[in-house]
Structures are given as C-alpha cells and as structure tokens.
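Enquirer: 3D, please:
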Amino acid sequence: MKAKLEIVALILGFIGLFGTITITALPTWKVSAFIGANLIVMEELWEGLWMNCYRQININMQCKVYDSLLILPVELQVARAMMCVSIALVFFALIVTGCGIQRSYCCGDKQMCKNITLALGGCLYLLSFLTTLIPVCWVGHSIIQRFNDPTSLDAQKRELGQAIFIGWGTCGVLLATGIILLFRYSKRTSKEEDHYNDAYLMEEKSVVKEDSVDLAKTGSSFHKFHEYV
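Expert: Presented below is the predicted three-dimensional model:
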C-alpha cells in the first residue's frame, strides 16, 4: 500500500505536467461574452497566452500569434512567464520523485538519501502549484472584474475560458501530489527513527549484558582468590 501511494503520486505528477502544458498552449483563457448586443453577432474571439483566434459565421477559426509581448495585458504577460516556470518545475519534480520512490535504484541502499529526494520532489510540486494557481486566478479575477464593470462595453467583456477551469483542476492535482509525497516522507522518517531507536536499545541491552557477565566473572575470580588465600 505504501509503495502504491508513491506510484499514485507519480501518475498524478504526469497528469499535472500534461495539464500545465495544455493550459499554457490553449488559446481559450479569455472567450467572447455573448451578452447585450453581442447576442446577435455571430462571431467568437479567443485569447490565449501565445495567440488569439477569431471566427465568424460560416468561416473557419483563424488563429494568429501575437506580434509582440507588449500588446498583451499585464496579467497575460505574467501568466505566460509563470506557466513556463510551472512546466519546468513539474518536469524536474517528476525526475526527482522518480529517484526518491522506494523502488528506485538511484540512491542505492541509502534510505536517508531517498527520503530527502522524495521530500524535495514534494516541495517542487507545491511550488509548481503556486506558480500555476497565481496566474490562473489573476486572469480569472481580471475577467470577472471587467465583466462586472458597468463602464466597459459589451464587446470588450470576456468570459472564463476552458484553460482557466483546466488550470484550477491542474492546481488541485499538483497540490495533492505534493501532499502525498510529503506525507510519505514523514512516514518514512518516523519509521527510520523507530528503526534507529530499536537498534540503539538492542545495543544498550547487549552492552549491559556484557558488563553483567564481566562483573560476574570478576566476582567469581575474586571469590576463588579469597578462598585460596
């Protein structure tokens, strides 16, 4: 059961990596809001981190990469950078976790090295959770804020796209993976401490037993010497 929990963490890690790559590549962070005058306009606009897509009635979707990073809103600029960091963190977390699981041969028989490696993997997952949650929530907040702003035109208002919802789900997966790995680290550490304590007690008992045997031998020798005298 304990080894299976680590395998589950690895599987969740792969899902988290796929999720971070997906939401980074998807152009559906912001989508058209069909409200007011937009109800009768048969067009759709998507905005992502790398491109925007536009479609009218009877015309296929056309996507175009942004000409410059500076034309993006601040939240999308920050989201682009932080999502790239998230992908790198999850990738390294997967490698580190693979080296730290119980069935790995990376650290040999050094259990302490495996424990530290597993804890490092869990911390990387939690860090990637933060670097994913911040941009997703920031963009979502800006969409909702502008949507509820009465001074904004209906054509400028957007709704939450698929990438936002996938991002929240991915954050949950990354958080769960980090918690599982740190939980396994705590269990391993406590088990290792119990093992050391048992070994120490056994050694103490053997020392006390040897001392008592030596004392008994010394007493016997002294008694024989006294009789001889």
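Enquirer: Contact partners for the closest residue to residue 185 other than its chain neighbours?
Expert: Nearest non-adjacent residue to residue 185, counting by CB to CB, 6 or more residues apart in numbering: residue 119, 4.3 Å away. Quick note: C-beta positions are derived from backbone N, CA and C, even for glycine. Neighbour list for residue 119: 100, 181, 182, 185 [criterion: CB atoms under 8 Å, 6 or more residues apart in numbering].
Enquirer: tell me which of the residues you listed is nearest to residue 53?
Expert: The closest of those to residue 53 turns out to be residue 181 (CB to CB; 37.7 Å).
Enquirer: Quickly find the element holding the residue lying closest to that closest one once chain neighbours are set aside.
Expert: Among residues not flanking residue 181 along the chain, residue 122 sits closest, at 3.2 Å (CB to CB, 6+ apart). Per DSSP states H and E, residue 122 falls inside helix 111-147.
Enquirer: Could you list every helix and strand that the very next helix or strand once past that helix packs against?
Expert: Heading C-terminal from helix 111-147, the first helix or strand you meet, by DSSP H and E, is strand 158-160. Applying 3 or more CB pairs under 8 Å, 6 or more residues apart in numbering; DSSP states H and E, one finds that strand 158-160 contacts strand 30-32, helix 111-147.
Enquirer: Please identify the deepest-packed of those.
Expert: Highest mean neighbour count of those: strand 30-32, a mean of 22 (counted as mean count of other CB atoms under 10 Å).
Enquirer: for this protein, which spans come out with low pLDDT?
Expert: Low-confidence segments of the chain (pLDDT under 70): 1-3, 35-42, 103-105, 107-109, 154, 191-229.
Enquirer: ok, which stretches of it are strands?
Expert: 30-32, 43-47, 51-56, 62-65, 158-160 (DSSP state E).
Enquirer: and the fourth one, which strands flank it?
Expert: Think strand 62-65. Strands that pair with strand 62-65, judged by DSSP bridges, come out as strand 51-56 (antiparallel).
Enquirer: Just the buried positions in the partner strand, please.
Expert: 52, 53, 55 (16 or more other CB atoms under 10 Å).
Enquirer: so which of those comes closest to residue 128?
Expert: Of all the buried residues of strand 51-56, residue 128 sits closest to residue 52, with 26.5 Å by CB to CB.
Enquirer: Return the distance of the closest one relative to residue 65.
Expert: Using CB to CB, to the nearest Å, we find residue 52 at a distance of 9 Å from residue 65.
Enquirer: if we can go back for a sec, what's the residue nearest to residue 181 in contact with, if anything?
Expert: Under the criterion of CB under 8 Å, 6+ apart, the contact list for residue 122 reads 97, 177, 178, 179, 180, 181, 182, 185.
Enquirer: Could you export the contacts of residue 119 as JSON lines, including distance to residue 26 and neighbour count?
Expert: Formatted as JSON lines, the contacts of residue 119 follow (distance: CB to CB, whole Å; neighbours: other CB atoms under 10 Å):
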{"residue": "100", "distance to residue 26": "31", "neighbour count": "26"}
{"residue": "181", "distance to residue 26": "28", "neighbour count": "30"}
{"residue": "182", "distance to residue 26": "30", "neighbour count": "17"}
{"residue": "185", "distance to residue 26": "34", "neighbour count": "21"}
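Enquirer: can you tell me which two in those residues are farthest apart?
Expert: Farthest apart among these by CB to CB are 100 and 182. That separation is 11.5 Å.
Enquirer: Now do the phi/psi pair for the residue nearest to residue 80 when sequence neighbours are not counted.
Expert: Distances taken as CB to CB, 6+ apart put residue 49 closest to residue 80, at 4.4 Å, once the chain neighbours are dropped. Main-chain torsions, residue 49, degrees, to the nearest 10: phi -80, psi -20.
Enquirer: Thank you kindly, that will do.
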